[in-house]
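A.B. asks: coordinates only, sequence not included:
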């Protein structure tokens with residue numbers, strides 16, 4: 001297994017991976033824009049030549065890192081990979097003087113427990129945030 005920066009040539013495979021592992025749909029151009037703005041903040045997890053996970057983020061004003069997507073195939077969860085991805089994102093953002101990490105998560109997601117174990121706290125609710133109408137929970141971690 002290898003964690004590398006996302007490359008444009010991986011876009012088709014990434015879209016298929018996300019379609020299989022997320023309930024949300026995104027336009028292809030979104031991922032190219034994220035990569036263009038901060039290539040170090042867009043990681044893929046490769047195993048057996050296939051994408052099995054990804055994490056991408058954005059640097060925001062007021063010294064914030066926003067995790068946009070963190071997803072792993074089910075059989076790659078609970079193995080420390082998600083924690084490693086978050087830590088790599090935080091490390092890559094240090095040059096920007098980041099003081100806080102934020103993210104949104106579905107209110108019905110088991111990932112809330114994962115983020116709490118990493119030191120994130122719930123700070124807000126976003127009604128009907130997701131495409132299927134599910135509320136989102138805003139979580140943040142002070143660095």
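C.D. replies: Looks like it came in fine. Keep in mind that what you see is a predicted model, and the values were worked out from it rather than measured.

A.B. asks: elements contacting the biggest strand by length in the chain?
C.D. replies: Identified as the longest strand of the chain according to DSSP state E is strand 50-60. On a contact count with 3 or more Cβ pairs under 8 Å, 6 or more residues apart in numbering; DSSP states H and E, strand 50-60 meets helix 11-21, helix 28-37, strand 42-47, strand 64-72, helix 81-93. The C-beta positions use only the backbone N, C-alpha and C, and glycine is treated the same way.

A.B. asks: residues of that strand that come out buried?
C.D. replies: By neighbour count on 16 or more other Cβ atoms under 10 Å, the buried set for strand 50-60 is 51, 52, 53, 54, 55, 56, 57, 58, 59.

A.B. asks: give me the sheet partners of it and which way each runs.
C.D. replies: strand 42-47 (antiparallel), strand 64-72 (antiparallel) (DSSP bridges).

A.B. asks: quick one: closest of those to residue 25.
C.D. replies: strand 64-72 (12.4 Å; Cβ to Cβ).

A.B. asks: the closest one: which residues count as buried?
C.D. replies: Those would be 64, 65, 66, 67, 68, 69, 70, 71, 72, for strand 64-72 by 16+ other Cβ under 10 Å.

A.B. asks: reformat the residues you listed as CSV; add distance to residue 130.
C.D. replies: Shown next, in CSV, are these (distance: Cβ to Cβ, whole Å):
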residue, distance to residue 130
64, 21
65, 21
66, 16
67, 16
68, 14
69, 13
70, 15
71, 14
72, 19
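
A.B. asks: re earlier: what's the closest of the helices and strands packed on strand 50-60 to residue 1?
C.D. replies: strand 42-47 (4.4 Å).
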